[in-house]
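S.K.: here's a sequence, model it:
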Amino acid sequence: MKTPPNNTEAERAVLGSILLDTTGRNDDRVMDVCLTSGVQPETFFDPRNRAIYSTMLEMNRLAKPLDALTLIEQMRTGGKLEAIGGVGYVQALIDEVPTTAHAEHYIGIIRGKHLRRMMIERAASVVEKCYDEGEYPDPQVVLGDAERTFLEIGGSAGVTMPWSAAVDESFRRIDALFESRGDNLEGLSTGLRYLDEKLQGLKNAEMIVIAARPSVGKTSLAMNIAESCALGMDMNNVPVKCDGGKRHPVAIFSLEMPVEALTKRMIAGRAGVNMWRLNRNLVPKSEKQMLTNNLIQAVGELKTAPIYVDDTAGLDIMDLRARARRMKKQYGIELIVIDYLQLCCCREGSRQGRQIEVSMISQQIKAMAKELKVPVIVLSQLSRANEQRGDKFEKPKLSDLRDSGAIEQDADVVFLLRRPSRNAADPESQDETLAIIDVAKNRNGETGEVRVNFIREFTRFCDREPEHTGSENFQTSEPPPESEIYVQDPMI
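M.R.: Predicted coordinates:
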């Protein structure tokens, strides 16, 4: 005779958060969190709240705008408005919620109450079967039903792919390597040949961190990779061989730079235009026509590139995940770039100290990569530790990642970018174009340094060919001697 566990105030808070959220700048983040958390109409105990959420789900499925007015009209058309208490009830949902910041907490409350009601319902069914010995003479049958019915409460949690299917899929990919000519990659190309050889591409569900001190070129490297993937061309404007020049949709979350600055930099780099000289009218008249033609061509190519930029500043990590999820669904995103991690925030961890907050942000980014099954490139600042160790090369280490050691732990791949020309004590400081990408961590491959060129005037990276036999531009990546494992193809 007890009332089933419920919290109608939390239910109203969830519905109010959805309506309040969709009328602000956060779009429909709370609705996305509900969908991801598995909130269904039956999660709500109050029939009025259940009817409202059912209508919200229907509107979301039909991609209709969701706010108080559209919800009221939808429920009026469906003949449900008066049953829930009219317009006043819907408006009260918004008035009772001052902010959407605690929406995840409200969702957790109603899911917990629903879980308790489900367990009570299943347990009551098992009790009835225990008393009905005529229908269920074998107690083992009742026990089996009880185990099955309680395990079903967990839903889809657990292994997402059968083990046998995972083994078959892995074998198919390995077998394909025997048929390839050595130019196939397991993931997306970075546009840099030697970096691709070391990584075997940017793989799905991986978190790739590009770390460097300020103004070294980490944003330029990330944008170059994004441009290469979106256009299906390497840094030399040659179609990528591994997938025939296929274009891959890219999502960029630029928390530091506005979209206008990003596009300006990308156009100038692709056209080979020195914006510093152009801004100061230092371009000779003889070159202006050629540069104009290059700009027109670059604009034509980039306009059709499947690149989607969100330059919202101070984005909460849960907002970012929700937006990435929508981009994946709407545009089929295959690569995500976040510039940069320390500019993200996390409402849940903000009061627990910066280290805990950054740790939670890093965990959410890794979870997003696994959920969406796409590679995620995230930029990160380095501390000044490499400049204070007394090392004349000032080589950064994994421990120099700023704010939290969780970044090093969560990342699958870590690039530590440096340019010797910025350190007068470095023996190669006279080489203005040299940049070194140190693959300091690679969970599914080898590590080591890759030497590339960085054209500072165009903020553009490109391959650096070996100066002589045994060059160090591709360290630790040389194949084994011919007496071991395989003979290297002389054409490579």
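
S.K.: need the strands for the stretch 1-150 of the chain, in chain order.
M.R.: With strands called from DSSP state E, counting those that start in this stretch, the stretch 1-150 of the chain shows none.

S.K.: pLDDT below threshold where in it?
M.R.: Within the stretch 1-150 of the chain, the stretches with pLDDT under 70 are 1, 22-27.

S.K.: can you rerun that using 90?
M.R.: Judged by pLDDT under 90, the stretch 1-150 of the chain has its weakly predicted residues at 1-3, 18-39, 57-68, 78, 85, 94-105, 122, 129, 132-150.

S.K.: can you give me the helices for it?
M.R.: Counting by DSSP state H, counting those that start in this stretch, the stretch 1-150 of the chain has these helices, from start to end: 8-22, 29-37, 47-61, 68-77, 81-84, 87-95, 103-131, 139-151.

S.K.: mean neighbour count, those helices: which tops it?
M.R.: Of those, the one with the most neighbours on average (mean count of other C-beta atoms under 10 Å) is helix 8-22, at a mean of 23. Glycine gets a C-beta too; all of them are placed from N, C-alpha and C.

S.K.: so which elements touch that helix?
M.R.: Judged by 3 or more C-beta pairs under 8 Å, 6 or more residues apart in numbering; DSSP states H and E, the packing partners of helix 8-22 are helix 29-37, helix 47-61, helix 87-95, helix 103-131.

S.K.: please convert those to a markdown table, extending it with distance to Pro137.
M.R.: As requested, these are arranged in a markdown table below (distance: least, C-beta to C-beta, whole Å):
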| stretch | distance to Pro137 |
| --- | --- |
| helix 29-37 | 41 |
| helix 47-61 | 39 |
| helix 87-95 | 51 |
| helix 103-131 | 11 |
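
S.K.: so which of those helices gets nearest Arg193?
M.R.: helix 29-37 (38.5 Å; C-beta to C-beta).

S.K.: pLDDT of the helix or strand encompassing Cys229, averaged?
M.R.: When elements are assigned from DSSP states H and E, Cys229 belongs to helix 218-231. In this model, helix 218-231 carries a mean pLDDT of 90.

S.K.: swap in stretch 288-301?
M.R.: When pLDDT is averaged along stretch 288-301, the result is 84.

S.K.: how about stretch 260-276: buried residues?
M.R.: Within stretch 260-276, the residues scored as buried using 16 or more other C-beta atoms under 10 Å are 262-263, 265-271, 273-275.

S.K.: mind checking which of those are in helices?
M.R.: The helices in this structure, assigned by DSSP state H, contain 262-263, 265-271, 275 from the buried residues of stretch 260-276.

S.K.: which one of those is nearest Leu401?
M.R.: After measuring these against Leu401 - C-beta to C-beta - the closest member comes out as Leu262, at 24.1 Å.

S.K.: who touches the closest one in this structure?
M.R.: The contact partners of Leu262, by C-beta atoms under 8 Å, 6 or more residues apart in numbering, come to 223, 252, 254, 309, 311.

S.K.: per-residue pLDDT, it?
M.R.: Confidence at Leu262, expressed as pLDDT, is 86.

S.K.: burial of Met360, as a residue count?
M.R.: For Met360, the neighbour count with other C-beta atoms under 10 Å is 20.

S.K.: please apply the same query to Thr43.
M.R.: By other C-beta under 10 Å, 22 other residues sit near Thr43.

S.K.: name the nearest residue to it, ignoring sequence neighbours.
M.R.: Closest residue to Thr43 in three dimensions, ignoring its sequence neighbours and counting by C-beta to C-beta, 6 or more residues apart in numbering: His114, at 4.5 Å.

S.K.: repeat for Ser125
M.R.: Thr149 (7.0 Å).

S.K.: report the contact partners of the one you found.
M.R.: 122, 125-126.

S.K.: can you list those residues in CSV and add distance to Glu104?
M.R.: CSV is the format used below for those (distance: C-beta to C-beta, whole Å):
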residue, distance to Glu104
Arg122, 27
Ser125, 32
Val126, 33
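
S.K.: picking that back up, I figured the residue nearest to Thr43 hits Ser37, correct?
M.R.: No: the criterion here is C-beta atoms under 8 Å, and His114 misses it with Ser37 at 10.9 Å.

S.K.: what's the overlap in contacts for these two?
M.R.: Taking C-beta under 8 Å, 6+ apart as the contact definition, His114 and Ser37 share no neighbouring residue.

S.K.: near the residue lying closest to Tyr331 once chain neighbours are set aside, how many other residues are there?
M.R.: Using C-beta to C-beta, 6+ apart and skipping residues adjacent in sequence, the residue nearest Tyr331 is Pro249, 4.9 Å away. One way to gauge burial is a neighbour count; for Pro249, by other C-beta under 10 Å, it gives 19.
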